[in-house]
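**Q** Attaching a predicted model along with its sequence, questions to come.
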Amino acid sequence: MAPNDDLAADLADERRALADLLESLTPEQWQTQTLCAAWDVHQMAAHLLAPTEGSTGLLLRLMVRSRGNVDRLGLLVTEHFADLPPEELVARIRANAEVDTAPPFVGMLGPYTDALVHGEDIRIPLGIVDDRPPTRWEPSLDFLLSRRARFGFLPSAAPALTYAATDLTWTRGAGPRVEAPAAALALALTGRAPRLDELVGPGARLLRAFALR
C-alpha cells in the first residue's frame, strides 16, 4: 500500500478502537467532562463522528453560520450530531471507520491526529489506560511539528526544541532537548496539561509553558 493508504487503514483502526471504547462506557461515563472544556464524552463522540458524515451542503450552511470561524464551525458541526443517542453514535463511528476523506491543507493526518488526541481526551478523565502501541503516534508528532498543524491544531509554531519520544526511536528538531513518551509529547503540543509532569530535559520548561499558554 501507498503511505496514504497505510494512514487511512490506521485511521480506520483508531476509529474502531474508539467505538469499542465508547461502547464499553456507562451512562454516567458518557456525561464525564473530557479534556476539552466545551465537551463531555457524548459531545466528543459527536465531534469524532462529524468528519465522516457531514455532507457538503450541511458544512456550507454551518460555515455561513460560523462566519468562517474554524473553531465556531467545529462547535456547530458537533452540536448537529450531539442529539444522537450513544448507541447510534457508536454504530455510526464504527460503520464510517473507513471513510478516507482528506480535509484541505492538513490532509489525512488531520483526522488521524484528531482521533488519537481526542481518544486521550476521553480516556484520561475516566482513568482508562491506553495500551495501544506508541508507534501510532509517530505520524502525528511529525504533523504537529509541521506548518500544517497551524490550521486547527496549534495556535502558533511549536517551540524550537529537540523532541525525543522515550518509547520510540523518534527525534526531531533542534535546540534544548525535551523527552517524554510519544503520547505525552503530542498532548503537550496540543495544549493538554495532564501529562506535563512526564516531560524531562532542558526544553521541558519551554514546552510546558507552550502547553499552558
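**A** Done, it's in.

**Q** Could you tell me which residues make contact with residue 174?
**A** 160, 161, 162 (C-beta atoms under 8 Å, 6 or more residues apart in numbering). Glycine gets a C-beta too; all of them are placed from N, C-alpha and C.

**Q** what residues are up against the first one?
**A** If a contact means C-beta under 8 Å, 6+ apart, then residue 160 has 173, 174, 175 as its contacts.

**Q** ok, the contacts of residue 174 vs residue 206, which is closest?
**A** residue 161 (6.3 Å; C-beta to C-beta).

**Q** what's the burial count for that closest one?
**A** For residue 161, the count of nearby residues is 21 (other C-beta atoms under 10 Å).

**Q** Surely it and residue 177 touch.
**A** Yes - between residue 161 and residue 177 there is a contact under C-beta atoms under 8 Å: 7.0 Å.

**Q** Overlap in contacts, the two.
**A** Both residue 161 and residue 177 are contacted by residue 203, under the criterion C-beta under 8 Å, 6+ apart.

**Q** Pipe the contacts of residue 174 into TSV and attach secondary structure and pLDDT per row.
**A** Formatted as TSV, those follow (DSSP: H, G, I helix; E, B strand; the rest coil; pLDDT from 0 to 100):
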residue	secondary structure	pLDDT
160	coil	97
161	coil	98
162	strand	98
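
**Q** Check those residues against residue 46 and report the nearest one.
**A** residue 161 (34.9 Å).

**Q** can you pull the contacts of residue 192?
**A** 35, 117, 120, 121, 124, 211.

**Q** circling back: any chance of the contacts of residue 160 in JSON lines, with secondary structure and pLDDT too?
**A** Converted to JSON lines, the contacts of residue 160 look like this (three-state DSSP; pLDDT from 0 to 100):
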{"residue": "173", "secondary structure": "strand", "pLDDT": "97"}
{"residue": "174", "secondary structure": "coil", "pLDDT": "97"}
{"residue": "175", "secondary structure": "coil", "pLDDT": "97"}
